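Engineer: return a 3D structure for these sequence lines:
(one chain, ligands or ions: 2)
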Amino acid sequence: MSATVTYKCPNCGAGLVFDAEKQSFSCDFCISSFTEDELRLSGADKRAEEAERAEDEFRSELREYHCDSCGAEILTDKSTVADFCYYCHNPIVLSDRVSGAFRPTKIIPFKFDKDEAKKIFRDYCKKKWFLPKDYFSPEHSDKICGIYYPFWVVDADSSAGMNAKARKVRSWRQGNYRYTETSHYAITRRANIHFEDISSSAISTEDKAMLEGILPYPTDEYLDFSIPYLQGYQAKKRDLSREDLTEDVRGKMTSYAESLLSSTVVGYSSVDSKSTSVSVEKSHWEYALTPIWILNYMRKGKNYLYAMNGSTGKIYGELPVSIPKLAILGGLVSLAVGIVSFLIGWGML
Ligand SMILES: [Zn+2]
Ligand SMILES: [Zn+2]
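Structural biologist: Ligands and ions are numbered 1, 2, ... in the order given. As a prediction, this is how the structure comes out:
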């Protein structure tokens, strides 16, 4: 094998680690191991070379921008010019080379263009009170940016098991006595579970509340990635590899398996000391870009993020409150109270 080729697991695509003692390549994710001959027969060496070629080609089609103010790193395709930072609105500079960008395999394209996104934002503002005037000014809404966010999306076949202890308590009265009978059960459940589209953000610093606010994406909207989808939009660079998210994904599988298996344990007075294990037999990871319209508003050193799912239109908004507007309303309320008490006072005279 050539030194530059990094083998990927034929079962799940995770990076393989060479075990010198066993003289084999092992996968930590699906717990399997392969000899070099097995890997070559499975075509893993050819796939590794192809993947490297695709990565190089992808990088050559991109531009990378850097924001000196907030550190945001933005990718665009070569025909798209980005001049200000979508987040802090400062000018961004073109980096001389694209580094550490990885080619996605799937993408959900934007469903709303910028005019539609602005209109939805304005309609959203209309229903809200107390917003500062410049929040819904055309200059502000014009800063709305279409950003592709990176996610890892995982399908997996697994075998899961759960052990638990349970009790049934029965109580009855006979003559002057009350009897209580407690039966103890050891419960075992085994199941083969297929997981579909477990999604995890591929950016470590991302605003969790915002992402949770706009998720989910419709799973049937994923398309094979190609560069033209990026045209006119920006993409955030990922900084988490699938290896970084292995534990996170395992955790999601385990908690899902536990709730699924627990739902079959019924008819007991109590169930406790549950332990659940999931072993992954096969998995398939896609690195996907998903669309978000983002508009950030800064006021007195605080950020107020408005975001809209670019596929479903689901909105997340942290809204600034205008103090003068609140004060006017407060004034109106106290004036109304004043009139009412005046009337009451007058009526009583
Ligand atoms: Zn594997
Ligand atoms: Zn910035």
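Engineer: can you pull out the helices in the chain?
Structural biologist: 36-42, 44-60, 114-126, 138-141, 208-214, 246-262, 323-348 (DSSP state H).
Engineer: return the set of buried residues in the fifth one.
Structural biologist: Neighbour counts over helix 208-214 (16 or more other CB atoms under 10 Å) mark Met210, Leu211, Gly213, Ile214 as buried. Placement of C-beta: from N, CA and C, glycine included.
Engineer: now do it: which elements does it pack against?
Structural biologist: strand 302-309, strand 315-317 (3 or more CB pairs under 8 Å, 6 or more residues apart in numbering; DSSP states H and E).
Engineer: cool, the shortest one as well?
Structural biologist: Counting contacts by 3+ CB pairs under 8 Å, 6+ apart, helix 138-141 packs against helix 114-126, strand 270-299.
Engineer: could you give the mean pLDDT of the shortest one?
Structural biologist: For helix 114-126, mean pLDDT is 94.
Engineer: now for that helix, which elements pack on it?
Structural biologist: By 3+ CB pairs under 8 Å, 6+ apart, helix 114-126 packs against helix 138-141, strand 270-299, strand 302-309, strand 315-317.
Engineer: ok, back up a step: what's the closest of the helices and strands packed on helix 208-214 to ligand 2?
Structural biologist: strand 302-309 (10.8 Å; CB to the ion).
Engineer: got any ranges where the stretch 1-150 of the chain has weak pLDDT?
Structural biologist: Within the stretch 1-150 of the chain, the set of residues satisfying pLDDT under 70 comprises 1-5.
Engineer: residue ranges for the strands of it, please.
Structural biologist: 17-19, 24-27, 32-34, 62-66, 73-77, 93-94, 106-107, 145-174 (DSSP state E, counting those that start in this stretch).
Engineer: export those as JSON lines, with columns for mean neighbour count and distance to ligand 2.
Structural biologist: Below are these laid out as JSON lines (neighbours: other CB atoms under 10 Å; distance: least, CB to the ion, whole Å):
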{"stretch": "strand 17-19", "mean neighbour count": "12", "distance to ligand 2": "38"}
{"stretch": "strand 24-27", "mean neighbour count": "19", "distance to ligand 2": "39"}
{"stretch": "strand 32-34", "mean neighbour count": "18", "distance to ligand 2": "44"}
{"stretch": "strand 62-66", "mean neighbour count": "18", "distance to ligand 2": "9"}
{"stretch": "strand 73-77", "mean neighbour count": "21", "distance to ligand 2": "9"}
{"stretch": "strand 93-94", "mean neighbour count": "13", "distance to ligand 2": "11"}
{"stretch": "strand 106-107", "mean neighbour count": "20", "distance to ligand 2": "24"}
{"stretch": "strand 145-174", "mean neighbour count": "17", "distance to ligand 2": "11"}
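Engineer: reformat the ones you listed as JSON lines; add distance to ligand 1.
Structural biologist: Shown next, in JSON lines, are these (distance: least, CB to the ion, whole Å):
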{"stretch": "strand 17-19", "distance to ligand 1": "11"}
{"stretch": "strand 24-27", "distance to ligand 1": "3"}
{"stretch": "strand 32-34", "distance to ligand 1": "6"}
{"stretch": "strand 62-66", "distance to ligand 1": "29"}
{"stretch": "strand 73-77", "distance to ligand 1": "29"}
{"stretch": "strand 93-94", "distance to ligand 1": "39"}
{"stretch": "strand 106-107", "distance to ligand 1": "20"}
{"stretch": "strand 145-174", "distance to ligand 1": "10"}
